[in-house]
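[1] what's the 3D shape of this:
(2 chains)
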There are 2 protein chains.
Amino acid sequence: MLNSQIDSSLIARFTAITGAQHAVTEPSDIAPHLSEPRGLYKGESPLVLKPADTQEVSAILRLANETGTPVVPQGGNTGLVGGQSPRPGQGEIVISLARLNAIRSLDLVGQTMVAEAGVVLANAQQAASDAGLLFPLSLGSEGSCQIGGNLSSNAGGTAVLAYGNMRQLCLGLEVVLPNGEIWHGLRALKKDNTGYDLRDLFIGAEGTLGIITAAVLKLFPTPSGHETIYAGVDSPDAALKLFRLAQDYCGPSLTGFELMPRIGIDFTTRHIEGVRDPLGEPHPWYALIDISSGQSQDAARAMLEGLYVAADEQGLIRDAAAAETEAQRQAFWTLRESMSWAQKPEGGSIKHDVSVPVARVPEFLTKADAAVLKAMPDARIVAFGHMGDGNIHYNISQPVGADTGAFLSRWKEMNEIVHAIVLALDGSISAEHGIGQLKRDELAAIRSPVEMAMMKQIKQAFDPKGIMNPGKVVAG
Amino acid sequence: MLNSQIDSSLIARFTAITGAQHAVTEPSDIAPHLSEPRGLYKGESPLVLKPADTQEVSAILRLANETGTPVVPQGGNTGLVGGQSPRPGQGEIVISLARLNAIRSLDLVGQTMVAEAGVVLANAQQAASDAGLLFPLSLGSEGSCQIGGNLSSNAGGTAVLAYGNMRQLCLGLEVVLPNGEIWHGLRALKKDNTGYDLRDLFIGAEGTLGIITAAVLKLFPTPSGHETIYAGVDSPDAALKLFRLAQDYCGPSLTGFELMPRIGIDFTTRHIEGVRDPLGEPHPWYALIDISSGQSQDAARAMLEGLYVAADEQGLIRDAAAAETEAQRQAFWTLRESMSWAQKPEGGSIKHDVSVPVARVPEFLTKADAAVLKAMPDARIVAFGHMGDGNIHYNISQPVGADTGAFLSRWKEMNEIVHAIVLALDGSISAEHGIGQLKRDELAAIRSPVEMAMMKQIKQAFDPKGIMNPGKVVAG
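    Model (predicted):
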């Protein structure tokens, strides 16, 4: 049984591991660790521990395991499904990885980097860049999210199309297991077939099987040339055809393909300072296409021009603008990246983070729109995202003038409508944000008993006392 | 306890599942399932079952689990570590997946294919090619190895550099679990963060956790242009510099980078019919470099020429030949791909399938050569392979005129010498061939108790009776 009442003597034992200045008990100091970006969960915790290194994480878990004390690992606290939040009334201790923030090494020739869990993503990107290399993971929250959280949630973002998600960007891990033992798996090998794939079991496990303390990350050559084109298109179907053309024509030089609806451009230009629509006339949908070349800027430009000509011949593009400067390129991307935030001033927004096979994105949008508008005729659908990955952030903004509370009370109903269509198209109800608390019961409902049983067996084998981030992903 | 004495009534129960014509009991018909390519293991089995479909595989495992009957899944029987061989005296039933040989579907737009476990790799390549797409996995044994075996061993080959190994080429799986239950995980999604990564647990598990019956495989656009260059270089160090240059210059268009020693060229041109050295003068080492372009043959050629000029400026290349026709391209690759077989006529060969971080390949070769030649001064070292993956097939041919039996009796001694250097360089003792029987005890010796315990816990959770391919990877 878990111990949901931590007493002062136990707090003292935990505190002795990190030292008092790194054991937070003051409610006002704990508070930032309890809220989360969407305000869906309000956490509770008697203690936030900030260990200095892997050995201290190990000592904390050993003690937690011995005493049945539930723990919640936390990185930058930017997760969107409540995976990083301590649940109320459970006496869950938060373990912040923020102080494990060293880049332990960077191998220029092998193009790898060993980063600790608490390294902020932007700092990891910067360290790579300082060495003339690229760490491609790119997210809206990159200024505060951390590598450990990126790994535990198998983070995606806008560069997945070319470079893969976090799972593909990691070669090896160091993990503290629930009993405090340390797995030294920091291998930097591209090929290694020696037994079961333990690494991928921890990646995406949302801190329920152990605590990742460091990782070997893959780096890439920095492209010599970049081009970005913003194109107005008729429909998601035209965007899909354009994607296929771009994929064939550019091969792996196609490093981004995002889909955006007109309403998203309206919201963004209306609410985000400095953002303008690069095209004069409005279009129903837009594709934002990124091309990178290892050779030169000229080679990237030649590829872009060739793609434009081919797309124009096939009548796939209504109008397009190519970024002429790096500043313009950034401005095009700001349009896309601020689309999440631009929904806030329009009132409540019901979110979905779904994926379907790429070829079925247009079908998904047609069916989901019909079903949502049937249930809520004035809903404003803002569906955008990583078309090249089949990953759509299918968000629903409240009808103009509606009551936000009444609108948000229909969150679950809308989720059910949208997820039913996703599942009928063999899609995923959580493409990149994970399960956490938000989708735990839904996961159990949609997955087969066979699959849930396997997950529970793994949880039971790794964490028999159930101390690791309980109540997340699979039920304790 | 496993049942090592299968009686006639149990044989009859298994036979009833597949029908008598697909239940092989005649020793001469069983024989091909008992030998393996290197002749290291001579198997024994009372029964080879050839189920027609997933349901029959399920029925077989349900009965095996109920009766404690050990089973060995077998694909094309091309494995190099005895993973597919039934062990003598254990009463292990072979389950051949050969009849599950359908391509169930091929999605042109989504660029995926659902292939059953028994599809021969060359047939999967052909099915993709017939649809105008590419399935990039490429191995010497592609004419007989099967998709299920490729997945279970996480196969590598010559295209890993650009496309990844089998793990990266698979999106979803259908698996029969040891108790006969079927996991329907045939998802075709590029992003799906819904719980633990079960797929990657079965990939590379060598049939010890369940039987893969079908998979969703990723397909790719067929490149429009291909170029191959064969370059003589001074040393592995020069080859590494050339690799880095090619990686920077070509980015993901670099689709192959193989390293070969002069002695390998000597063996190949001497023993393989029709193979010639494309260069007039001999060089100490060679790099075989493959470039693909999604745009055109001209673009590939321009990239190749640019790379050549840059490499020449840096003095990295002694001499080079570019393939001028597709036939010449194939001839260059035959030189590389026949290097394994070309060692046979030279007598005994002691094999190593190792990897180190790419940047440490030259250091590995220097240290391993010194240690091997100290122990066996006349040994002929044939070290070649996938430089871009850090994966070297470090083979030792017997000294000229030596007794083959006496030479081969030193296999374990040589392994220990080479593997000690690999481990000191943070490398892997099995880069792509797996563990099987051959390296099972060595795995247990080199991995930490923490890591071995995790593997055993997983095995125990998935296969509590230990019926699945016992004695492979981890001890029962």
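
[2] which intervals of chain A have sub-threshold pLDDT?
    A:1, A:476 (pLDDT under 70).

[3] show me the contacts for the residue lying closest to A:D389 once chain neighbours are set aside.
    In space, and not counting its chain neighbours, A:D389 is closest to B:K190: 4.5 Å by CB to CB, 6 or more residues apart in numbering or on different chains. In this view, the C-beta of every residue, glycine as well, is placed from N, C-alpha and C. Residues near B:K190 by CB atoms under 8 Å, 6 or more residues apart in numbering or on different chains: A:V160, A:S355, A:V358, A:D389, A:G390, A:N391, B:L171.

[4] what about the residue of the stretch 301-450 of chain A found nearest chain B, neighbour count?
    Among all residues of the stretch 301-450 of chain A, A:A359 sits closest to chain B, at 3.5 Å; criterion: CB to the nearest CB. Using other CB atoms under 10 Å in any protein chain shown, A:A359 has 18 other residues around it.

[5] who in the stretch 51-200 of chain A is up against chain B?
    A:107, A:109-112, A:153-154, A:156, A:160, A:162, A:165, A:167-168, A:177, A:181-185, A:187-198, A:200 (CB under 8 Å from any CB of the partner chain).

[6] which of those residues fall in strands?
    Within these, residues falling in strands by DSSP state E are A:D107, A:T112, A:I182, A:W183, A:H184, A:G185.

[7] for A:V48, grab the count of nearby residues.
    A:V48: 25 neighbours (other CB under 10 Å).

[8] up against chain B, what does the stretch 201-350 of chain A have?
    So far as CB under 8 Å from any CB goes, the stretch 201-350 of chain A lies against chain B at A:201, A:203-205, A:209, A:221, A:223, A:240, A:244, A:247-253, A:292-295, A:303, A:306.

[9] which of these fall in strands?
    Those of those lying in strands (DSSP E): A:P221, A:S292, A:S293.

[10] out of the residues you listed, flag the one nearest to chain B.
    Of those, the one sitting nearest to chain B (CB to the nearest CB) turns out to be A:P221, at 4.6 Å.

[11] report how many residues lie close to the nearest residue to that closest one once chain neighbours are set aside.
    With sequence-adjacent residues excluded and distances taken as CB to CB, 6+ apart, A:P221 is closest to B:D248, at 4.6 Å. Per other CB under 10 Å, the neighbour tally for B:D248 reads 20.

[12] ditto for the one 4 residues further on
    For B:P252, the number of neighbouring residues by other CB under 10 Å comes to 22.

[13] where's it relative to chain A, distance?
    Per CB to the nearest CB, to the nearest Å, B:P252 is found 3 Å from chain A.

[14] doesn't A:S253 make contact with that residue?
    Yes: if you go by CB atoms under 8 Å, B:P252 and A:S253 touch, sitting 7.1 Å apart.

[15] give the buried subset of the residues of the stretch 201-350 of chain A next to chain B as a ChimeraX selection command.
    To isolate the buried ones among these in ChimeraX, judged by 16 or more other CB atoms under 10 Å in any protein chain shown, type:
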select /A:201,203,204,205,209,221,223,240,244,247,248,249,250,251,252,253,292,293,294,295,303
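
[16] what sits against A:A342?
    A:G264, A:F267, A:T268, A:R270, A:H271, A:I272.

[17] doesn't it belong to a helix?
    Yes: per DSSP: H, G, I helix; E, B strand; the rest coil, A:A342 lies within a helix segment.

[18] can you tell me the closest non-neighbouring residue to A:V418?
    Nearest non-adjacent residue to A:V418 (CB to CB, 6+ apart): A:H352, at 5.0 Å.

[19] what number of residues lie near the one you found?
    Neighbours of A:H352 using other CB under 10 Å come to 22.

[20] can you report phi and psi for A:E416?
    In terms of degrees, to the nearest 10, the main-chain angles of A:E416 are phi -60, psi -40.

[21] and if you look at A:F257?
    The phi/psi pair for A:F257 (degrees, to the nearest 10) is phi -150, psi 100.

[22] got a list of what the residue nearest to it when sequence neighbours are not counted touches?
    In space, and not counting its chain neighbours, A:F257 is closest to A:G388: 3.8 Å by CB to CB, 6+ apart. Taking CB under 8 Å, 6+ apart, we find A:G388 in contact with A:V160, A:L161, A:F243, A:Q247, A:L254, A:G256, A:F257, A:E258, A:V358.

[23] which ones are touching A:P261?
    Contacts of A:P261 (CB under 8 Å, 6+ apart): A:P284, A:W285, A:Y286, A:I381, A:V382, A:A383, A:F384.

[24] those in strands, which ones?
    A:W285, A:Y286, A:I381, A:V382, A:A383, A:F384.

[25] go ahead and confirm the fourth one touches A:D266.
    Just to be clear, that refers to A:V382. No: if you go by CB under 8 Å, A:V382 and A:D266 don't touch, sitting 9.5 Å apart.

[26] helix, strand, or coil at the residue nearest to A:F257?
    Three-state call for A:G388 (three-state DSSP): helix.

[27] quick check: it vs A:H419, distance?
    22 Å (CB to CB, to the nearest Å).

[28] what distance separates the start and the end of stretch A:18-38?
    31 Å (CA to CA, to the nearest Å).

[29] I should have written stretch A:89-104 there, sorry.
    Start-to-end, stretch A:89-104 (CA to CA) is 38 Å.
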